[in-house]
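Peer 1: okay, structure incoming, though there's no sequence with it:
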């Protein structure tokens with residue numbers, strides 16, 4: 001990750017003469033704006049240098065800790081990260097249950113159906129959630145059966161409900177999503193199993209919180225009106241310009257995804273890039289999109305550097321503005337592909353967005369969301385081990401992702417072993 005020193009040194013530059021900004025989509029971008037006018041960059045970050053340094057380096061927990069524009073941007077990025085992890089976790093729970101059932105059947109009297117039901121419920125799969133709740137009622141552990149019956153019947157207001165550890169945690173999540181205090185305690189607890197039961201071999205079977213990422217996504221999500229406008233709203237973002245950001249505000253106000261910000265921006269069409277990658281999940285069309293983008297960015301970045309003042313050139317190169325923007329833009333586009341149920345395209349986009357010189361480090365180019373997308377798209381395309389590799393990077397910074405990592409790890413083990421211990425993974 002870039003250290004604070006180069007960033008702070010750049011903030012101390014003497015103001016350079018303002019250079020002319022042209023009318024093309026790249027020439028009117030936020031990158032061109034701050035290269036042409038370094039004083040505009042300083043004006044944005046001076047009020048919260050530590051927040052902007054953290055946001056530039058993708059240190060989202062630090063960036064979101066303030067109360068200015070950088071904090072709002074950090075919260076939006078955290079919300080988008082946890083949406084991806086929530087989807088990944090829900091898919092992993094369902095796949096684990098299906099794989100386990102195909103091999104030997106689910107353990108008798110287990111709480112597993114309850115956890116799979118919650119994962120499906122938060123993913124918006126109401127019918128599947130209902131089926132798993134029914135199974136929890138009929139054959140789950142006593143705690144799971146009672147919790148599932150109360151939830152299925154809508155009878156969660158009884159005084160004894162919170163004595164049930166499973167239903168009590170579910171209701172706590174509902175309170176947090178409604179604005180209750182205490183998110184930090186639930187987040188810390190999510191790094192450990194929230195429920196255990198005896199396993200077949202005598203060891204405890206551990207279950208992790210399947211709802212944590214969905215709750216964090218809701219708690220972190222800022223109102224669209226709270227997102228900063230102007231240069232503070234687009235700097236270090238996937239949006240080429242303020243025009244693209246403002247065009248997306250209405251979509252966000254209607255519940256649109258923060259993670260796909262500006263993925264369909266008007267600037268892409270003006271650059272001759274197709275905002276749709278086709279009806280089929282064809283990874284080659286995604287790769288062609290990236291090649292077309294690079295054909296635009298590479299010569300433009302060189303021309304921008306050649307024509308910049310010394311101060312502007314230093315901002316451009318030391319902060320890696322073009323690689324940062326490129327990665328953010330591809331990340332946003334990859335999330336859009338996942339929403340369209342095109343995981344192969346998402347995987348191709350995310351792989352091409354990654355800084356391959358530091359493929360396992362969070363950095364200005366390698367955002368946490370990028371590793372989450374790599375994990376989800378790998379899982380959905382059958383590459384469970386590769387999904388685990390991406391998750392390992394995140395767990396170090398986000399311990400609450402431990403549960404997703406554990407579920408995907410269990411799935412990887414199940415996939416490589418049939419009833420006789422034979423490998424099934426290719």
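Peer 2: Cool, got the structure. For clarity, every value in this text was computed on a predicted model and none was experimentally measured. Numbering: from 1, shown residues only.

Peer 1: and stretch 42-59, average pLDDT?
Peer 2: Stretch 42-59 shows a mean pLDDT of 96.

Peer 1: repeat that for stretch 118-131.
Peer 2: Confidence over stretch 118-131, taken as the mean pLDDT, stands at 96.

Peer 1: repeat that for stretch 317-328.
Peer 2: Stretch 317-328 comes out at a mean pLDDT of 97.

Peer 1: for stretch 146-165, same thing?
Peer 2: Mean per-residue pLDDT for stretch 146-165: 86.

Peer 1: where does the stretch 301-426 of the chain dip in pLDDT?
Peer 2: For the stretch 301-426 of the chain, applying pLDDT under 70 flags the ranges 418-426.

Peer 1: how about a cut-off of 90?
Peer 2: 356, 414-426 (pLDDT under 90).

Peer 1: for the spatially most central residue of the chain, pull up the helix or strand it's in.
Peer 2: The centre of the chain sits closest to residue 81, judged by C-alpha atoms, centre = their mean, with a distance of 2.1 Å. Residue 81 belongs to helix 69-103 when assigned by DSSP states H and E.

Peer 1: same for that helix, what does it pack against?
Peer 2: On a contact count with 3 or more C-beta pairs under 8 Å, 6 or more residues apart in numbering; DSSP states H and E, helix 69-103 meets helix 49-56, helix 60-63, helix 112-122, helix 212-220, helix 231-234, helix 321-339, helix 368-380, helix 402-416. For every residue, glycine as well, the C-beta is placed using N, CA and C.

Peer 1: make a markdown table out of the ones you listed and add distance to residue 147 and mean neighbour count.
Peer 2: Formatted as a markdown table, the helices and strands packed on helix 69-103 follow (distance: least, C-beta to C-beta, whole Å; neighbours: other C-beta atoms under 10 Å):
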| stretch | distance to residue 147 | mean neighbour count |
| --- | --- | --- |
| helix 49-56 | 40 | 22 |
| helix 60-63 | 32 | 20 |
| helix 112-122 | 6 | 26 |
| helix 212-220 | 17 | 23 |
| helix 231-234 | 43 | 22 |
| helix 321-339 | 31 | 24 |
| helix 368-380 | 27 | 28 |
| helix 402-416 | 18 | 21 |
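
Peer 1: just to revisit the earlier point, mind listing what the residue nearest to the centre of the chain touches?
Peer 2: Contact analysis of residue 81 by C-beta atoms under 8 Å, 6 or more residues apart in numbering lists 60, 259, 368, 369, 372, 398.

Peer 1: what's the answer for residue 203, then?
Peer 2: By C-beta under 8 Å, 6+ apart, residue 203 lies in contact with nothing.

Peer 1: picking that back up, out of the helices and strands packed on helix 69-103, which gets nearest to residue 96?
Peer 2: helix 402-416 (4.6 Å; C-beta to C-beta).

Peer 1: got the angle for the closest one vs helix 112-122?
Peer 2: Angle, helix 402-416 to helix 112-122, by axes from the mean of the first three to the mean of the last three C-alpha atoms, to 10 degrees: 110 degrees.

Peer 1: I'd like to know which elements helix 402-416 is packed against.
Peer 2: Counting contacts by 3+ C-beta pairs under 8 Å, 6+ apart, helix 402-416 is packed against helix 69-103, helix 368-380, helix 384-395.

Peer 1: give the other helices and strands that the second one contacts.
Peer 2: If you count contacts as 3+ C-beta pairs under 8 Å, 6+ apart, helix 368-380 packs onto helix 69-103, helix 321-339, helix 343-353, helix 384-395, helix 402-416.

Peer 1: next, the angle from it to helix 69-103.
Peer 2: Going by the same axes, to 10 degrees, helix 368-380 makes 20 degrees with helix 69-103.

Peer 1: show me how far helix 368-380 is from its chain's centre.
Peer 2: 8 Å (C-alpha atoms, centre = their mean, to the nearest Å).

Peer 1: cool, and the longest one?
Peer 2: On the basis of C-alpha atoms, centre = their mean, helix 69-103 sits 8 Å off its chain's mean C-alpha point.

Peer 1: and that helix, what's buried?
Peer 2: Of all the residues in helix 69-103, those buried under the rule 16 or more other C-beta atoms under 10 Å are 69-97, 99-100.
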